[in-house]
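Peer 1: need coordinates for the following:
(2 chains)
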There are 2 protein chains.
Amino acid sequence: MRIAQVAPLAEAVPPKLYGGTERVVWWLTEALVDLGHDVTLFASGDSVSSAKLIPCAPAGLRLCGVGDHTASTLAMLDQVFRSADQFDIIHFHVDLLQYPLFRGLAGKCVTTLHGRQDLPDNLPVFGAFPEMKLVSISDNQRTPIPHANFISTVHHGMPLKLIPAAEGGEYLAFIGRISPEKRPDRAIEIAKRAGMKLKIAAKVDRVDAAYFHEVIEPLIDGTQIEFINEVGDAEKAAFLGGARALLFPIDWPEPFGLVMIEAMAAGTPVIAWRNGSTPEVVEHGRSGYLVESIEEAVAAVHAAADLPRSGVRAAFEERFTSARMAEDYLHLYRSLTSSHPQPTMPLVLAAA
Amino acid sequence: MRIAQVAPLAEAVPPKLYGGTERVVWWLTEALVDLGHDVTLFASGDSVSSAKLIPCAPAGLRLCGVGDHTASTLAMLDQVFRSADQFDIIHFHVDLLQYPLFRGLAGKCVTTLHGRQDLPDNLPVFGAFPEMKLVSISDNQRTPIPHANFISTVHHGMPLKLIPAAEGGEYLAFIGRISPEKRPDRAIEIAKRAGMKLKIAAKVDRVDAAYFHEVIEPLIDGTQIEFINEVGDAEKAAFLGGARALLFPIDWPEPFGLVMIEAMAAGTPVIAWRNGSTPEVVEHGRSGYLVESIEEAVAAVHAAADLPRSGVRAAFEERFTSARMAEDYLHLYRSLTSSHPQPTMPLVLAAA
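Peer 2: Take a look at the predicted model:
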């Protein structure tokens, strides 16, 4: 199948530092190539891919200091549109800008929404472009926009061998961004009440600096509660694999939460607040625990000591590999190409 | 002529508080209706117009708390596109989002760029959509993007009778936003060295609060240097008309600067730093003075006492009325419709 993947230009694919969406696009693209498909990746010019790369910006825009990505994204979409007849499927990972231009080609287009959908700003597009097909990354992500044209949920997946199963150890892990809705304060309270060591591997964005210095930093004693800054991809496997459990005590509707499946890949159970996607990702009592209070979380920390790590890893292998994600998307792509035969030329270009 | 005006959705047309672009769109639309044209205004639903209003959002988005205007603007552009065959000319006052969708109709489209163009973020669109015709609001505004497809400069204009000629008085006026690049500090120094009273009518945005409190507020003594907060439209005529001169000592490439022509309408000379559009707006020695140092500005303050206010008003009436602006745009519209005959149906809809 001739498939175009259209990535955000914010970061390279794969991202050099952060960038959950670009990371997922990379894994999906590689998995589709592995399955023998003819894949073209529209992304920043410093991307690296087994697919055919069409560079649409010199480099990832965020690290180049470009603040507004609109113009660059519009120019990329124009490139995609001009070559639309070369693809059976065009899969967008940008949120909004493609709808007006591609509505005439809606039959072979699909957009995965990667962000939270509980803010009102984006609502107008779902009413204005109802024929554009959407994919959610969790069922829960759809809750605020039930009338949008979702055709499926496809959970993210990552390469089978990226993070190997590990033996675990006697600390709890918190990883991500320090921000109020990630609730590192809850993680600290859970660790203290469970009598466990907590290692916090996190970045502090400038917007969260005050929260970090005023609320979190005073709670870090360097012995029981340890702050180790961010960990790179290379250290992440060891950090997650050495933990008894990952604490994910979020206070916001997380649309997916990649770190949960990264922990599961390492065999490390996930103790997650019941919010957003977590009930879809964590199998309570198998790959971790869903909790709704500090008390439940502390009990889960103790229970996690006896949870078989092989079962956690098996839950990852069954449901969250990039091969499974690619198969799910291929199933979707095939349903679109069979139900909506496409003209071989974009209509505008054909008429012009 | 059947003309569509496509306004930003940030503010109502006319704006309830700030909003230079929406104010200009309002004046242009009213002037085109006055000249007998069939004008349709795409704008927020709380807009008021003599043209046919197509409401594209319930109300101006900024005052509704909508942070990202992209989705609402895309939905508006879709409405414009679907009715494109009803117009001879489509005139956009939004910066970017229309290019991909309307490139097939480029012959009857024109976009006025209302903002500064010296930041790199927007550059990619000018290369990607070279057929889309642009209008600058000053020649100077084009400097950073000389290769963009500008077909004309049209200076802004305002209604002839909005601000009447007035007698002037013995203070200097500064009006606008308190921010480092507007250089209220320079205005204060000029007034002190000229031995004149200065009245500062300005708003302080949250982003500029520190600059105001640390740099400007200590210089305000309440007698010689007076701070009177913002003035509404009703008070503006009296504020400008009662001044000996407007100080406009900017330190950035102002693309136009409406306040200069508002002062001129009141007969009040403008003392402007030579930067951005100011040499195109101010006629040195007739409607004001172009200066490049505090010394020159102080000399201009003294000279302004003898500058005939009738000549300042005449400079406004000759070059900066909304009737003149409308005639300039009509001239452009006619050149487009005569050189590029249009199909009566948008190509995409016709082919679909």
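Peer 1: going forward, measure contacts and count neighbours with C-alpha atoms only.
Peer 2: Will do.
Peer 1: residues of chain A that sit close to chain B?
Peer 2: A:66-72, A:74-75, A:77-78, A:96-97, A:100-101, A:104, A:120-125, A:128-129, A:347-348, A:351-352 (CA under 8 Å from any CA of the partner chain).
Peer 1: try 7 Å this time
Peer 2: Residues of chain A lying near chain B by CA under 7 Å from any CA of the partner chain: A:66-69, A:71-72, A:74-75, A:78, A:96, A:100-101, A:121-122, A:124-125, A:128, A:347-348, A:351.
Peer 1: out of the residues you listed, which end up buried?
Peer 2: Taking 16 or more other CA atoms under 10 Å in any protein chain shown as the criterion, what is buried in the residues of chain A next to chain B is A:69, A:71-72, A:74-75, A:78, A:96, A:100-101, A:121-122, A:124-125, A:128, A:347-348.
Peer 1: and residue A:56, how many neighbours?
Peer 2: When neighbours are defined as other CA atoms under 10 Å in any protein chain shown, residue A:56 has 26 of them.
Peer 1: what sits against it?
Peer 2: Neighbouring residues of residue A:56 by CA atoms under 7 Å, 6 or more residues apart in numbering or on different chains: A:42-45, A:76.
Peer 1: what about the residues you listed, which are in helices?
Peer 2: Counting by DSSP state H, these place residue A:76 in helices.
Peer 1: most surrounded residue in the contacts of residue A:56?
Peer 2: Within the contacts of residue A:56, neighbour counts (other CA under 10 Å) peak at residue A:43, which reaches 31 neighbours.
Peer 1: which strand residues bridge it?
Peer 2: Note on residue A:43: beta-bridge partners residue A:55, judged by DSSP bridges.
Peer 1: state the helix or strand in which residue A:26 lies.
Peer 2: Residue A:26 is located in helix A:20-34, with elements delineated by DSSP states H and E.
Peer 1: ok, now how distant is residue A:317 from chain B?
Peer 2: 38 Å (CA to the nearest CA, to the nearest Å).
Peer 1: skipping its backbone neighbours, what lies nearest that residue in space?
Peer 2: residue A:160 (6.9 Å; CA to CA, 6 or more residues apart in numbering or on different chains).
Peer 1: the one you found contacts residue A:321, correct?
Peer 2: Yes - the criterion here is CA atoms under 7 Å, and residue A:160 meets it with residue A:321 at 5.6 Å.
Peer 1: and chain A, what are its domain boundaries?
Peer 2: A:2-158+A:322-351, A:171-317 (automatic domain parsing).
Peer 1: least reliable of those by average pLDDT, please.
Peer 2: Per-stretch mean pLDDT for those is lowest at domain A:2-158+A:322-351 (a mean of 92).
Peer 1: from the chain's centroid, how far away is that domain?
Peer 2: Averaged C-alpha coordinates place domain A:2-158+A:322-351 at 14 Å from its chain's average position (CA atoms, centre = their mean, to the nearest Å).
Peer 1: so where do the strands sit in chain A?
Peer 2: A:2-6, A:38-43, A:52-55, A:89-92, A:109-112, A:133-136, A:150-153, A:171-177, A:197-203, A:225-227, A:245-248, A:270-273, A:288-291 (DSSP state E).
Peer 1: next, the buried residues of the first one.
Peer 2: Residues of strand A:2-6 classed as buried: A:3-6 (neighbour count, 16+ other CA under 10 Å).
Peer 1: residues making contact with it?
Peer 2: Contact with strand A:2-6 is made by A:37-43, A:87-93, as judged by CA under 7 Å, 6+ apart.
Peer 1: tilt between it and helix A:20-34?
Peer 2: 170 degrees (axes from the mean of the first three to the mean of the last three CA atoms, to 10 degrees).
Peer 1: with the second one instead?
Peer 2: Between the direction of strand A:38-43 and that of helix A:20-34, the angle (the same axes, to 10 degrees) works out to 160 degrees.
Peer 1: kindly export strand A:38-43 (C-alpha atoms) in CSV.
Peer 2: Extracted in CSV, the C-alpha atoms of strand A:38-43 (Å, rounded to 0.1, in the frame of the first residue of the first chain):
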residue,chain,number,x,y,z
ASP,A,38,5.6,1.8,0.4
VAL,A,39,5.7,4.6,3.0
THR,A,40,6.6,8.3,2.5
LEU,A,41,7.3,10.5,5.5
PHE,A,42,6.6,14.2,5.4
ALA,A,43,8.7,15.6,8.3
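Peer 1: tell me what it is packed against?
Peer 2: Using 3 or more CA pairs under 7 Å, 6 or more residues apart in numbering or on different chains; DSSP states H and E, the elements in contact with strand A:38-43 are strand A:2-6, strand A:52-55.
Peer 1: what comes into contact with the longest helix belonging to chain A?
Peer 2: As assigned by DSSP H, the longest helix anywhere in chain A is helix A:322-339. Helix A:322-339 is contacted by residues A:27-28, A:31-32, A:88-89, A:107-108, A:154-159 when judged by CA under 7 Å, 6+ apart.
Peer 1: now swap in stretch A:224-232 and tell me
Peer 2: Contact with stretch A:224-232 is made by A:188, A:197-203, A:220, as judged by CA under 7 Å, 6+ apart.
Peer 1: one step back: per-residue confidence at the residue nearest to residue A:317?
Peer 2: Predicted confidence (pLDDT) at residue A:160: the value is 97.
Peer 1: give me the number of residues near it?
Peer 2: Residue A:160, neighbours per other CA under 10 Å, totals 15.
Peer 1: can you give me phi and psi for it?
Peer 2: Backbone torsions of residue A:160, given as degrees, to the nearest 10, read phi -50, psi -40.
Peer 1: ok, back up a step: which one of the contacts of stretch A:224-232 is nearest to chain B?
Peer 2: When the contacts of stretch A:224-232 are ranked by distance to chain B (CA to the nearest CA), residue A:203 comes first, at 25.0 Å.
Peer 1: what's the local residue count around that closest one?
Peer 2: Other residues lying near residue A:203 total 18 when counted by other CA under 10 Å.
Peer 1: measure it to residue A:229 for me?
Peer 2: Using CA to CA, to the nearest Å, residue A:203 is found at 6 Å from residue A:229.
Peer 1: for residue A:284, give me its contacts.
Peer 2: Here residue A:284 is in contact with residue A:290 (CA under 7 Å, 6+ apart).
Peer 1: what's the spacing between it and residue A:308?
Peer 2: From residue A:284 across to residue A:308, the span is 13 Å (CA to CA).
Peer 1: also residue A:185?
Peer 2: Distance from residue A:185 to residue A:308, by CA to CA: 28 Å.
Peer 1: more neighbours: these two, which one.
Peer 2: When neighbours are counted by other CA under 10 Å, residue A:185 and residue A:308 differ, and residue A:185 comes out ahead with 19 against 15.
Peer 1: would you confirm that that one contacts residue A:217?
Peer 2: No - look at residue A:185 against residue A:217 with CA under 7 Å: they stay out of range, at 9.9 Å.
Peer 1: what is the burial count for residue A:21?
Peer 2: 23.
Peer 1: would you mind measuring from it to chain B?
Peer 2: As judged by CA to the nearest CA, residue A:21 and chain B stand 20 Å apart.
Peer 1: pretty sure residue A:321 contacts residue A:161?
Peer 2: No - applying CA under 7 Å as the test, residue A:321 and residue A:161 come out as separate, 9.2 Å apart.
Peer 1: looking at these two, which has the bigger crowd around it?
Peer 2: Legend: neighbour count by other CA under 10 Å for residue A:321 and residue A:161, higher for residue A:321 (23 against 10).
Peer 1: what's the spacing between that one and chain B?
Peer 2: When CA to the nearest CA is the yardstick, residue A:321 and chain B sit 33 Å from each other.
Peer 1: that residue bridge partners, please.
Peer 2: residue A:158.
Peer 1: picking that back up, so can I have a markdown table of the buried residues of strand A:2-6 showing distance to residue B:263?
Peer 2: Below are the buried residues of strand A:2-6 laid out as a markdown table (distance: CA to CA, whole Å):
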| residue | distance to residue B:263 |
| --- | --- |
| A:3 | 59 |
| A:4 | 55 |
| A:5 | 54 |
| A:6 | 50 |
